[in-house]
Each structure stands twice: as structure tokens, then as C-alpha cells.
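Asks: 3D model of this:
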Amino acid sequence: MADAPNDGDKVFRALSDPTRRRLLDRLHMKNGCTLTELCVAMDMTRQSVTQHLGLLEDANLISTARQGREKFHFLNPVPLHDVYERWVRKFETDRLALLYDLKHHLERREEMTDKSASFVYVTYIRTTPDKVYEAITTPGITRRYWGHENVSDWTPGATWEHIRANEERPVDIVGRVVQAEPPHRLVVTWSAASKADDPDEESRVTFDIEGQEDGTVRLTVTHDQLQPGSGMAQGISKGWPLVLSSMKSFLETGTGMDL
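Replies: You can find the predicted model right below:
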């Protein structure tokens, strides 16, 4: 009997189809699309698009979120980053980084008039909800997989700081705790420390932590209220997949990635 496909197999299988790659490209261009929007963009029937989206969701390459009656689809690059770390980075790190930065710069479109941009990232970790919540809120743990310490008393209304774990200990990110329901949910505001006084630069991060029947934890990180095209939005699109991969590695093996 054939072995069940692992996560990497599902990712490669999902990416093997050009239609599914086009759907991911579409979500890269406009993250957070309804099924109707994707059908129009792809010029395909709802049934066909739904089938492709199902395979992408099964590979964890997209995530979904409901807002009222609408269901929105978001690109979830965490599995792609895992594949990159396993199959690409060790071979071509420096060269690919330069090419990526050049492409990103050439495609950049400054659009700073609203805060409609959002990202939703999902990862599955073989651990418990308590340990995931602890990993987000305990300075001595966050420094081991994030390279920063998240410092607060984590009560609603309290401030929090994201402090780089080196000798200088600069504060990179600041915010306040909006909601804290351990071990299942944490909501915080998020601002660069240098722009903390500008409300237009403030965004929001929500951590939803759900235990699964198979003994894993589904961690969903939603970063919204971002300015489209802003430096923060661009940094987040690269940063969260790396942080979540490192957290998963730390909680499952005891060793995070070198951030």
C-alpha cells in the first residue's frame, strides 16, 4: 500500500498544475479574494475554481476567512517557505535574494491612501495550544526562534514591545494588547517603534490557536489594517512565513531557525 502523501508532496502536487499556479499568482496580486472574484479573473466555472482551491487549501497554500456572508481566500506562503528552506536556500541563497529584491522593487506600487491590505498565514504544529500561546508571549522563548523578545504583561490595554535579542536591545515594534484569551486568542496592535505616534502606520495582528483532533495545533496569524504597498506590508509578507516556520521547528524539535 502506498504511503500517504506528506506536506511537501501535497505542495509539489498542488504547484504542478498551471491553473493552480495562476490562482496563487492572482492572490499574490490581490490577496483576499472571494470565489466570484477568482472566477471572473480566471474565466472559469465556479465548480472548476472550487476544485482547484480545495487542492490548494489541502496543501495549506491558501487560507480562508469569512467576513459576513463572504468567504475570502488568502495566499498562505508558509509551506512555500518550508520548501524553499529545504530545497532552494542552501543552493542559491545570495543570488536568489538579490533577484527577489530586484523583482520586488520593480513591481512595487505605492498606494498609501487606505489600510485595506491584509495577510492570513496558517501553520500546523505538533504541540498544544498552551505551548503555542506561551511561545508567543514569553520573552525567553520568543528569542530562541524569533531573535526578539515579546515583552508585556499581556492584559487588555497593556503595552507590548518587540525587542531585538542582542547587546544593543533595540525596540523594533511596539503596540498594545487589544484582546487576550489564553491559550486560544491574542490580538495586538503593531507599529514600527519609530512611527508609533502615527495612527496611519498602526496595523493589527491576531493569533488564533486551535487544537486539532490529530494532536496538532492550527495557528492562524492574521495581519490586517495595513497600508497597501507600504514598507511594513512588504516586510510582513517575507517575515511571517519565516517566523512561523521557525516557531514550528522550535516547538517540534527544540531548535528554531537562525533569524
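Asks: how about the strands in the stretch 101-250 of the chain?
Replies: With DSSP state E, counting those that start in this stretch as the criterion, the stretch 101-250 of the chain has strands at 117-125, 148-151, 159-164, 171-181, 185-192, 203-211, 217-226.
Asks: Can you say which of the ones you listed is packed in most?
Replies: Ranked by mean neighbour count, these are led by strand 117-125 with a mean of 22 (mean count of other C-beta atoms under 10 Å). For the C-beta atoms, the positions are set from N, CA and C on the backbone; glycine is no exception.
Asks: who does that one pair up with?
Replies: strand 217-226 (antiparallel) (DSSP bridges).
Asks: Remind me which helix or strand the nearest residue to residue 71 once chain neighbours are set aside belongs to.
Replies: Spatial nearest neighbour of residue 71, chain neighbours left out: residue 64 (5.7 Å); criterion: C-beta to C-beta, 6 or more residues apart in numbering. Remark: residue 64 resides in strand 62-67, with elements defined by DSSP states H and E.
Asks: got the contact list for that strand?
Replies: 23-24, 27, 32, 53, 56-57, 71-76, 120-122, 220, 222 (C-beta atoms under 8 Å, 6 or more residues apart in numbering).
Asks: buried residues in it?
Replies: By neighbour count with 16 or more other C-beta atoms under 10 Å, strand 62-67 contains the buried residues 62-63, 65.
Asks: Mind listing the strands it pairs with, and their directions?
Replies: Here, using DSSP bridges, strand 62-67 pairs with strand 70-75 (antiparallel).
Asks: Name the surrounding residues that touch the partner strand.
Replies: Contacts of strand 70-75 (C-beta under 8 Å, 6+ apart): 24, 27-28, 31-35, 38, 53, 61-66, 118-120.
Asks: Tell me the bridge partners for the residue nearest to residue 71.
Replies: Taking DSSP bridges, one finds residue 73 as the beta-bridge partners of residue 64.
Asks: pLDDT below threshold where in this structure?
Replies: 1-7, 88-114 (pLDDT under 70).
Asks: Which helix in it has the most residues?
Replies: helix 231-253 (DSSP state H).
Asks: Now do that helix against strand 185-192, angle only.
Replies: 140 degrees (axes from the mean of the first three to the mean of the last three C-alpha atoms, to 10 degrees).
Asks: And helix 231-253, what's buried?
Replies: 232-233, 236-237, 240-251.
Asks: got the CA positions of it in CSV?
Replies: Only the C-alpha atoms of helix 231-253 are listed here, as CSV (Å, rounded to 0.1, in the frame of the first residue of the first chain):
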residue,chain,number,x,y,z
GLY,A,231,7.2,49.0,3.7
MET,A,232,5.6,47.3,6.6
ALA,A,233,3.3,45.2,4.3
GLN,A,234,6.3,44.2,2.2
GLY,A,235,8.3,43.2,5.2
ILE,A,236,5.5,41.2,6.7
SER,A,237,5.0,39.2,3.5
LYS,A,238,8.5,37.9,3.9
GLY,A,239,8.8,37.9,7.7
TRP,A,240,5.8,36.0,8.9
PRO,A,241,6.4,32.8,6.9
LEU,A,242,10.0,32.7,8.2
VAL,A,243,8.9,33.3,11.8
LEU,A,244,6.2,30.7,11.7
SER,A,245,8.5,28.1,10.1
SER,A,246,11.0,28.8,12.9
MET,A,247,8.3,28.5,15.6
LYS,A,248,7.1,25.2,14.2
SER,A,249,10.7,23.9,14.1
PHE,A,250,11.3,25.1,17.7
LEU,A,251,8.2,23.6,19.2
GLU,A,252,8.5,20.3,17.4
THR,A,253,12.3,19.8,17.6
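Asks: Quick check: closest non-adjacent residue to the residue nearest to the spatial centre of the chain.
Replies: Nearest to the mean C-alpha position of the chain, by C-alpha atoms, centre = their mean, lies residue 121 at 3.3 Å. Nearest residue to residue 121, sequence neighbours excluded (C-beta to C-beta, 6+ apart): residue 221, at 4.6 Å.
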